[in-house]
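[1] Here is a sequence with its predicted model. Questions after.
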Amino acid sequence: MEKQTSPYRWGMVVDLDRCSGCGACVVACQAENNVAICGKKEIAEGRNMHWLRIERFWVGEYPNVRARFLPVLCQHCRDAPCEPVCPVYASYHNPDGLNGQVYNRCVGTRYCGNNCPYAVRVFNFYSHQWPKPLENQLSPDITVRTRGVMEKCTFCIQRIRRAKEDAGGEGRLIRDGEVQPACAQTCPTEALVFGNLADPRSRVARLVRSPRRFRLLEHLGTHPSVYYLKGGGREHV
Amino acid sequence: MKRRTFLQLGGMTAAGAWLSGCRSANEKLIPYLVPPDEGVTPGRAEYFASACRFCPAGCGILVRVSEGRAKKIEGNPDHPVNRGKLCARGQAILQEVYHPDRVPQPLRRSGPRGSGKFTPISWGEGLSLLTGQLRTLQRERTTERLALMTPQLQGTLADLAARFMATFGSPHHIRFDLLAPDWLRAANRRSFGQASLPWYDIAGTRYLLSFGADFLEYHLSPVHYGFAFGRMRQGRDTVRGHFTYVGGRMSLTAASADRWMPARPGSEGALALGMARLILSESLYDAASLAANGLRPDRLSAGLEGYDLPRVAQLTGLSQQVIAEVAREFATTPPSLAMAGEMVAFQENGAEAVRAVQLLNVLVGNLNRPGGVYPGGGPVAGPENSFADLLALVEKMRGDRMGVALIHGDPLHAIPQTTGFPEALGRVPFIVSFSPLLDDTALQADLVLPDHAALESWGDVIPLAAPRGTVIGLMQPVVTPLHDTRQFPEVLMTTARELGGGMAAAFPYQSYQEMLKETMKRELHPAGGIDLETVWVDLLRQGGLFKTEGKRGKGYRWRAEAPIPLPAEPRFAGDERRFPLHLQVYPSTAFYDGRGAPLPWLQQLPDPMTTVVWDSWVEINPGTAAGLGIGFGDLVEVTSPRGSLRLPAVIYPGIRPDLVAIPMGQGHRGMGRYAAGRGANPLVLLALPPSETGPLPAWNATRVRVARISKEGGLVTAGNPEGSYRGELIEI
């Protein structure tokens, strides 16, 4: 067990029993983080830039068929396969337990993307355009990534930084619920809950103790900070 | 000074210099050891409250603005409808402001109609063209030849439009909207004697039974009911609400259900009555509720005689056991709740089928109780048959009895061609469009007077679904208008002023904003005597007027003279042998009825059920597709009695074998670079089934056939059609 040097260990709970798959989180993430607009061709090549995607699974056959949704974002693993392979330390582990990505270090080897079992790192294969005046929508808090750079979900680190500055100014820690990434903020069914796993009283830490809890590809030993809660009671199909 | 002291002081100075030297070196080193967070510089943004008018749900929004530019839209946590949450569409209206293809100033047609050739003109010229046309109508005493087509407006704008038309002297204000809940108002009037829209207490229910009501996507208020759905599932300690969905296609909403009942299209009402009959015969009904509603179980049973289990099973194509099970669960899990939605109402027998679902609520006592259904706090009155108004207008346009059409919205894309609207509109001599983008209607217009984007506008938004009280969202301009555009109500008011006389007198306001203030004044204090200026800023800051306490209105009670709902056998347009499949058109999750199509974020958003991006498609059951030799992504031709379309096929396990489905929203001629020429508009396929009482808005009663054309469908999905992981690996 590594030594905890920060009072925070950010984590998320995705309650699949609440998630309706509506896609509000996907647009929220794209709007918050200056994620590029990708055309049909780019997506056909498997080069969509979304940091957060919703997987859809069909289970069974008509008429006993079910559709299941699974929002997949960076799992912010404690033992992240993406981190040790970066030759230039662009992917790093920050003290709060986030898998960070330093864009201006990235030289585009894409080793991290290859090594990520969750396929949540996206690479700028192209220079992306925001035709005028669409560039006005770009958030000034975050860099616009250029071609040749790997990017990924940061748990909206700009919001965490903001909250830390505010809390630090008042000499306190960030309160539970004070900071949430764009996806969790907008989720209509409140399926996404974000918080500090190091604080046993936080909402996210309480939900993580649910017996419905599981983590994605747990057997790989990556120890993700994103926990999923199984959809319950689907006894009929 | 002693030598010793000198050396001590000198040593300290040297050490100090050395240490400070170290520190400065460290400052350069540290960023490399402890890296910065991704070049993040969190700035201080300003938030302005406003309201979303994309769909009639009317959510409250907060817009993040920095350096005078809107950056992001978030839900307004104080708004009782969406409580800080927001759907994909609401967040994407940001791109409406900064869309690269907005109409920057008024345009006059310079080529033939529909050629898309326009000459930019000034507002002065544009307005004088419009007033010139209107003056001609006045002079010739043919003011009824003016038509105004808008979506179903609310609040001040509705008042303004109505006043404009009434004062001018024309009855032709058409408020047709394919997805507007006219059908629900009409059914409520027939069953309960009041046309207010219902408010469903989904969060408090234990058994939710939805008949084609896709409340997580577009039905009434998706964010409001989505929030409630999350609480219904996991918001209570010991109760997890159960959800059963009835409908031939597994919609996004149905995908969240515990049980999906793919009833045959048009048989949903019969299914509801079959359940009602079973509940009656097994005495599972709520006797007190029946008594309170003036219904007698024996009479009801007699009325529902024909809906015995074997017959209903045969009509719906479902097993008797499943129907009985669901009926018993529904009756014995109070509080339960039955909802009827568009996918039922748009059948030919939809009007009665919706009432059959209402009867289920009466039967088990779900009216006016927690976990059940209440008359909502939204706008009490509204159009109940705007479709009939539309048909009447089309008739007049055809007979060359309309001179000027003022159009807000894009009816050429959003109204099915089977109504004859496109040809009829072509006969109107002067068409004015107020679209901010050159959409299909604006392309046919003679004059385009571009409206502001929503984030540049004033306005009030009255949500469709609110539990009780008065909820009025206020829209305020959060950015200065980007182009030389003017707000639609402002243009109407200016026109009225220029026309002079009674028209000018009807609008004694300096601006639309002033009229809006008058409305708010009335809402705040009907008796008058309030200084609005003191509260106006607070209202704007908070995002509107939210009076959610107070008593509920008169509850629902079955009308004494209301007949027992008896949906007839459904009729369909198209011969069963030539057109073996049913067609369902449904509002797309991303585009609603098509108004979201110009926004690239929504085009890029993978459709939740199919993960298709930037396109439209037809969903076919795997068995049916195999029989027709159709594979995933093949180009197919869908032919109805009305027309045909070519589009790619998606093999969709969650749809009946005798049904195919196409999402609405694509297939625009215009609407900017991201929407134009993309996908197909399924509304061109729709035909209306024969009816004695005149055409009904039965949009899901068309039959089609499907044939494979080629392998090249050009379909792009963001995800693997099977999902990236094997389901058993992640055990969901």
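    Yep, it's here.
[2] Is B:Arg708 within a helix or a strand, and which one?
    B:Arg708 belongs to strand B:702-710 when assigned by DSSP states H and E.
[3] pLDDT below threshold where in the stretch 251-400 of chain B?
    Judged by pLDDT under 70, the stretch 251-400 of chain B has no weakly predicted residues.
[4] how about low-confidence regions in chain A?
    A:1-3, A:232-237.
[5] re the thing from before, just the buried residues of the strand holding B:Arg708, please?
    B:702-706, B:708 (16 or more other Cβ atoms under 10 Å in any protein chain shown). Quick note: C-beta positions are derived from backbone N, CA and C, even for glycine.
[6] Pick out whichever of those residues sits closest to chain A.
    B:Val706 (16.9 Å; Cβ to the nearest Cβ).
[7] quick one: contacts for that closest one?
    Applying Cβ atoms under 8 Å, 6 or more residues apart in numbering or on different chains to B:Val706 gives the contacts B:581, B:618, B:620, B:624, B:628, B:630, B:636-639, B:649, B:660.
[8] so it bridges to which residues?
    Taking DSSP bridges as the rule, B:Val706 bridges to B:Val638.
[9] per-residue pLDDT, it?
    Note for B:Val706: predicted pLDDT of 98.
[10] Longest helix in chain A, please.
    Counting residues, the longest helix found in chain A (DSSP state H) is helix A:157-169.
[11] In that helix, which residues are buried?
    In helix A:157-169, counting by 16+ other Cβ under 10 Å, buried: A:157-164.
[12] Touching, B:Pro416 and B:Asn700? I think so.
    No: taking contacts as Cβ atoms under 8 Å, B:Pro416 lies outside contact range of B:Asn700: 11.5 Å.
[13] quick one, which of those two is more surrounded?
    B:Asn700 (27 against 22; other Cβ atoms under 10 Å in any protein chain shown).
[14] residue contacts, that one?
    Taking Cβ under 8 Å, 6+ apart, one finds B:265, B:343, B:346-347, B:582-585 in contact with B:Asn700.
[15] could you redo the last one with a cut-off of 7 Å?
    Applying Cβ atoms under 7 Å, 6 or more residues apart in numbering or on different chains to B:Asn700 gives the contacts B:265, B:343, B:346-347, B:584-585.
[16] what's the distance between it and B:Gly247?
    For B:Asn700, the distance to B:Gly247 (Cβ to Cβ, to the nearest Å) stands at 10 Å.
[17] swap in A:Gly11?
    Taken as Cβ to Cβ, the span from A:Gly11 to B:Gly247 is 37 Å.
[18] ok, now B:His99?
    Distance from B:His99 to B:Gly247, by Cβ to Cβ: 35 Å.
[19] quick one, which of these two is more surrounded?
    When B:His99 and B:Gly247 are compared for neighbours, B:Gly247 comes out ahead with 28 against 23, by other Cβ under 10 Å.
[20] What about the residue lying closest to the more buried one once chain neighbours are set aside, how many residues nearby?
    In space, and not counting its chain neighbours, B:Gly247 is closest to B:Gly212: 4.4 Å by Cβ to Cβ, 6 or more residues apart in numbering or on different chains. If you count neighbours by other Cβ under 10 Å, B:Gly212 ends up with 32.
[21] hmm, back to that, can you name the element that comes right after the longest helix of chain A?
    Sequence-wise, the next helix or strand downstream of helix A:157-169 (DSSP H and E) is helix A:182-186.
[22] Report whether that next one contacts chain B.
    Yes: applying Cβ under 7 Å from any Cβ of the partner chain, one finds that helix A:182-186 is in contact with chain B at A:185-186.
[23] Alpha carbons of that helix, as PDB, please.
    Taking C-alpha atoms only, helix A:182-186 is exported to PDB below (Å, rounded to 0.1, in the frame of the first residue of the first chain):
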ATOM      1  CA  ALA A 182     -19.200  17.900 -15.600                       C
ATOM      2  CA  CYS A 183     -20.600  14.400 -16.200                       C
ATOM      3  CA  ALA A 184     -21.700  13.900 -12.700                       C
ATOM      4  CA  GLN A 185     -23.000  17.400 -12.400                       C
ATOM      5  CA  THR A 186     -25.400  17.000 -15.300                       C
END
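[24] For it, name the packing helices and strands.
    The contact analysis (3 or more Cβ pairs under 7 Å, 6 or more residues apart in numbering or on different chains; DSSP states H and E) places helix A:182-186 against helix A:24-32, strand A:192-196, strand B:69-75.
[25] With respect to B:Tyr556, which of those lies nearest?
    Between B:Tyr556 and these, the tightest spacing by Cβ to Cβ is seen for strand B:69-75, at 29.9 Å.
[26] And the contacts of the helix or strand just after the closest one?
    Note on strand B:69-75: by DSSP H and E, the next helix or strand toward the C-terminus is helix B:88-92. With contacts defined as Cβ under 7 Å, 6+ apart, helix B:88-92 is touched by A:22-24, A:26-28, A:31, A:186, B:52, B:54-55, B:59, B:61, B:73, B:590, B:592, B:596, B:599, B:601-602, B:605.
[27] any idea which helix or strand carries B:Ile662?
    According to DSSP H and E, B:Ile662 maps onto strand B:659-663.
[28] wait, does that strand contact chain A?
    No: under the criterion of Cβ under 7 Å from any Cβ, chain A is not reached by strand B:659-663; the shortest gap measures 10.9 Å.
[29] Double-check that B:Trp199 belongs to a strand.
    Yes: assessed by DSSP: H, G, I helix; E, B strand; the rest coil, B:Trp199 belongs to a strand.
[30] Residues contacting stretch B:436-448, please?
    Contacts of stretch B:436-448 (Cβ under 7 Å, 6+ apart): B:99, B:101-103, B:106-109, B:113-114, B:116, B:118, B:126, B:129-130, B:407, B:410-413, B:425, B:430-433, B:435, B:450-451, B:453, B:485, B:598, B:668-672.
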